[in-house]
Every structure is written in structure tokens, then in C-alpha cells.
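**Q** when you get a sec, could you give me coordinates for this:
(chains A, B, C and D)
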Number of protein chains: 2
Amino acid sequence: MDTFAALADPTRRNIFEYIVRGETSVGEIVERFSFKAPTISQHLKILKKAGLVQSRADKQKRLYTVRADGLAEVESWVQLQQKCMSERLDALEHHLSQ
Amino acid sequence: MDTFAALADPTRRNIFEYIVRGETSVGEIVERFSFKAPTISQHLKILKKAGLVQSRADKQKRLYTVRADGLAEVESWVQLQQKCMSERLDALEHHLSQ
DNA sequence: CGACTAATTAAGTCAATGGCTAAATATTCT
DNA sequence: AGAATATTTAGCCATTGACTTAATTAGTCG
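**A** Below is the predicted model:
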């Protein structure tokens, strides 16, 4: 759902950074981070709902990967704001040079 | 402090979007949004701590503006992740074409 | 089927968040 | 100084968030 909220938690960003390196099972993530399996599972659920990761089944395991377009919303928002900022800055400079 | 957490709240993003359009007093923001002054004030405090906005005094009013480099951290994080993603995608394509 | 592995769901705790009203703190203006 | 304006701080309450342990589901393999 809300990508920004999903990325607000540093643990979730760390998990995302880990998954972005390649397809990862839940167990692998649990091993790397000092959190219990249910905690990781909840974070993954939130990342998934936000469209940041996806999963597929392989035997008992669930393998997670990042979604290519997951960060698009955040990126475009940030860039729109920066565009507005630079436009205002340009206008200010132009005004000052008059 | 934490830019991501500051941007997690949609109201704060809206406030940021409003301020990015130009220097704005607290009262102006209170008028636009249907929240009481203390609520807006708290949001501004969080945005300020995150380095996203800054303020200056003008008579009784406090005028807020966005900080040019406020979104840099978020932008660079997003772009790093996307770089990692595209590299992995390239490697995959290369591998498949062999 | 039964034991095992992998992950999720359920349920509970505790801290943090986001809203409010009321009070306090400047600052300006008469 | 005293009244008015603009904003912040303090305190309260309801909701959400991030963890935990225990129980449950789902899949594998002897």
C-alpha cells in the first residue's frame, strides 16, 4: 500500500537492501538479522503490500525478490519536489539579477 | 533526523509539497489543512529535525521554506537500490543470452 | 502416515505516533 | 503596560507499530 511508510522503518530498508542483492529465502534473512522469524515475516508482508518485493515458492521455502518498479513512486515524488525547488531557485536568481 | 520516517506520514508530505511552492507561514498551512495549529506545528518540527525544511522569523510569524538538500539522502538511497537492481537485471540477461 | 522443515498467523506487550484542548511563550501594536 | 496575534509546549487519549512466544499451516521426505 504505502511505499513511504514501508520504507520508514530502518529494519525494512535493511531487509530490502539485502534482497536487492539477489533472491533470498526468509530463513536467510532471519539468519542475517537478529530478529525472530515472525518479525521478519511481518516486515516482508509490509514490503510486499507496498509493492517493493514479491515472492515465489520453492519447496518449503519462499524466495523473495525486489520488484523492479517498486521504488518508482518514491523516486518520481522526490524528483517532482526537486524540480519544483530548482524552478523556484531559478526564478529567484532571475529576479535577483534584474 | 530520520528523513524516511518524516516522509512516511502523508500529511507531512502534503505540508512539504505546500511549502515547496514558496515560503509559507504556519498560519497559512493551518488554514489550508484541516488540522489545529499545534498539530501542524508538530509536523513542522519533525520536518525540520529531518532537515527537510527551515524557518525564519518575520514579526510574529515564522516563515518556512524547504531545504535544497533535504531530499538528497532519500534520492541517493533510491538510486543506489535501482542501480543494484538494474545491474542484477543486466547480469541476468547476459546470463540468459549465453 | 508421521516426523521434520519453513514460514505465517494469532495473541499479547510496550513504545511511539498523531490527533486534540489548554496553557505558555514570544512579538507586535495601541 | 496591556491587548492582540502567532506559534510552540505540555498533557491527554486512542491508534498503530514493532517486537515477542506459542500455535498453525503448508510442503517434504522417510
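**Q** now do the buried residues in whatever helix or strand residue A:44 lives in.
**A** Residue A:44 is part of helix A:37-49 when elements are defined by DSSP states H and E. Residues of helix A:37-49 classed as buried by neighbour count (16 or more other CB atoms under 10 Å in any protein chain shown): A:40, A:43-44, A:46-48. C-beta coordinates here come from the backbone N, C-alpha and C atoms, glycine included.
**Q** now for the worst-scoring helix or strand of chain A on mean pLDDT, which elements pack on it?
**A** One helix or strand of chain A scores below all others by mean pLDDT, DSSP states H and E: helix A:72-97, with a mean of 90. Under the contact criterion of 3 or more CB pairs under 8 Å, 6 or more residues apart in numbering or on different chains; DSSP states H and E, helix A:72-97 touches helix A:3-8, helix B:10-20, helix B:72-97.
**Q** the helix holding residue A:44 near DNA strand D anywhere?
**A** Yes: Helix A:37-49 lies within reach of DNA strand D by CB under 7 Å from any atom of the strand, at A:38-39, A:42-43, A:46.
**Q** farthest pair in those?
**A** With distances taken as CB to CB, the most widely separated pair in those is A:38 and A:46, at 12.9 Å.
**Q** secondary structure class for residue A:62?
**A** The three-state label given to residue A:62 by DSSP: H, G, I helix; E, B strand; the rest coil is strand.
**Q** tally of neighbours for the closest residue to chain B within chain A?
**A** At 3.5 Å from chain B, residue A:8 is the closest residue in chain A, using CB to the nearest CB. Around residue A:8 there are 18 other residues, counting by other CB atoms under 10 Å in any protein chain shown.
**Q** list the contacts of the residue nearest to it when sequence neighbours are not counted.
**A** Spatially, and ignoring its direct neighbours in sequence, residue A:8 is nearest to residue B:8 (3.5 Å; CB to CB, 6 or more residues apart in numbering or on different chains). Residue B:8 makes contact with A:2, A:4-5, A:7-8, according to CB atoms under 8 Å, 6 or more residues apart in numbering or on different chains.
**Q** residue A:64 pairs with what?
**A** Note on residue A:64: beta-bridge partners by DSSP bridges are residue A:24, residue A:55.
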